[in-house]
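Engineer: Show me how the following folds:
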Amino acid sequence: MPRYLNRDRIAVVAALVIPPAIAMVLLPFRTSLPNTSVALVLVVTVVAVAANGNRLAGALAAISAAVWFDFFFTQPYERFAITKSADIQTAILLLVVGLAVSQLAARARRLEVITITDAGYLAQIHDTAELAQSANAPDTVVDHVTVQLTKLLHLRGCRFEYGTLIGHPPRLEQDGTVVWGRKHWDVDRLGLPDEEVELRTFGNGRFYGRFMLDPTPGTIPPLQARLVAVTLADQVGAALDTASM
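Structural biologist: Coordinates of the predicted model:
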């Protein structure tokens, strides 16, 4: 099992276990510790879980923290009910802030993947950036990235379509996930779908085209590789945008 998948599963378990455990540790101080302080401690717990897991783990931790805050620290105690308006506000803020910071922490972790990846990935990003700055024609950058994507994702083939959005193929998103219709495709378990996958290219918010990726059956590109692929597509978008000015 890939290391980050195992890490995410552990984080989900931690999201369900750690908040009630922290609440139990704080329980003896319930009468002397302000509820706002308890809420802050639980928010820190949510951040820790989210930073070491994914959005799901962070969201579960935020919900768990709010639930156990209600159960242990708001009157009537040991019941899922709140009578004081101040406690209601604190519980709601705990949930909202917990969800918000979990999303930020998960995003920070996703961006960190690029920084901790191997030198080969970084070299590809650097080479494409240099080419985008020096090439007179954006087609040169498109062709270069087409070859890069084929090797990076172990594709059977790859082509670029300018300015077209025909059909509804599976789509490689900015966060490295794949969406097919309205559902997320489990790339880490199933690999890329056995049909062309689109990787859209934008420059300064403007759509310029898409790479059509032809996956090799049985291969599972890791999340790091998929994030690098998205970065390369963004560099193509920047080159196309510069050329259109």
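
Engineer: Identify the residues contacting residue 137.
Structural biologist: Applying CB atoms under 8 Å, 6 or more residues apart in numbering, one finds that residue 137 lies in contact with residue 243. Bear in mind the C-beta positions are built from the backbone N, C-alpha and C, glycine included.

Engineer: how many other residues sit next to the closest residue to residue 86 other than its chain neighbours?
Structural biologist: Nearest non-adjacent residue to residue 86, counting by CB to CB, 6 or more residues apart in numbering: residue 35, 7.7 Å away. Using other CB atoms under 10 Å, residue 35 has 17 other residues around it.

Engineer: And residue 35, how close does it get to residue 239?
Structural biologist: 54 Å (CB to CB, to the nearest Å).

Engineer: Then residue 209?
Structural biologist: In terms of CB to CB, residue 209 sits 12 Å off from residue 239.

Engineer: more neighbours, these two?
Structural biologist: More neighbours surround residue 239 than the other of residue 209 and residue 239, with 27 against 22 (other CB under 10 Å).

Engineer: For the strand or helix carrying the more buried one, buried residues please.
Structural biologist: Using DSSP states H and E, residue 239 sits within helix 223-244. For helix 223-244, the neighbour count (16 or more other CB atoms under 10 Å) marks 223-241, 243 as buried.

Engineer: helices or strands next to it in the packing?
Structural biologist: helix 85-116, helix 119-134, helix 138-152, strand 171-172, strand 197-203, strand 206-215 (3 or more CB pairs under 8 Å, 6 or more residues apart in numbering; DSSP states H and E).

Engineer: I'd like to know which of the ones you listed has the weakest mean confidence.
Structural biologist: Ranked on mean pLDDT, the bottom entry among those is helix 85-116, at a mean of 69.

Engineer: related to what we said a few turns ago, relative to residue 98, how far out is the residue nearest to residue 86?
Structural biologist: 15 Å.

Engineer: now swap in residue 203 and tell me
Structural biologist: Separation of residue 203 from residue 98 (CB to CB) stands at 36 Å.

Engineer: Could you check which of those two is surrounded by more residues?
Structural biologist: Using other CB under 10 Å, the more surrounded residue of residue 203 and residue 98 is residue 98, with 29 against 21.

Engineer: residues in contact with that one?
Structural biologist: Counting by CB under 8 Å, 6+ apart, residue 98 has contacts 42, 43, 46, 58, 61, 62, 63, 65, 66.

Engineer: is it true that the third one touches residue 59?
Structural biologist: It stands for residue 46. No. If you go by CB atoms under 8 Å, residue 46 and residue 59 don't touch, sitting 9.1 Å apart.

Engineer: The two: which is more packed in?
Structural biologist: Neighbour totals were compared for residue 46 and residue 59, and residue 46 leads with 31 against 20 (other CB under 10 Å).

Engineer: so the more buried one is in which element?
Structural biologist: Assigned by DSSP H and E, residue 46 falls in helix 35-51.

Engineer: Buried ones in whichever helix or strand comes after that helix, by neighbour count?
Structural biologist: On the C-terminal side of helix 35-51, the nearest following helix or strand under DSSP H and E is helix 55-73. Judged by neighbour count using 16+ other CB under 10 Å, the buried positions of helix 55-73 are 55, 57-70, 72-73.

Engineer: Residue 149 and residue 229 touch, don't they?
Structural biologist: Yes. If you go by CB under 8 Å, residue 149 and residue 229 touch, sitting 5.7 Å apart.
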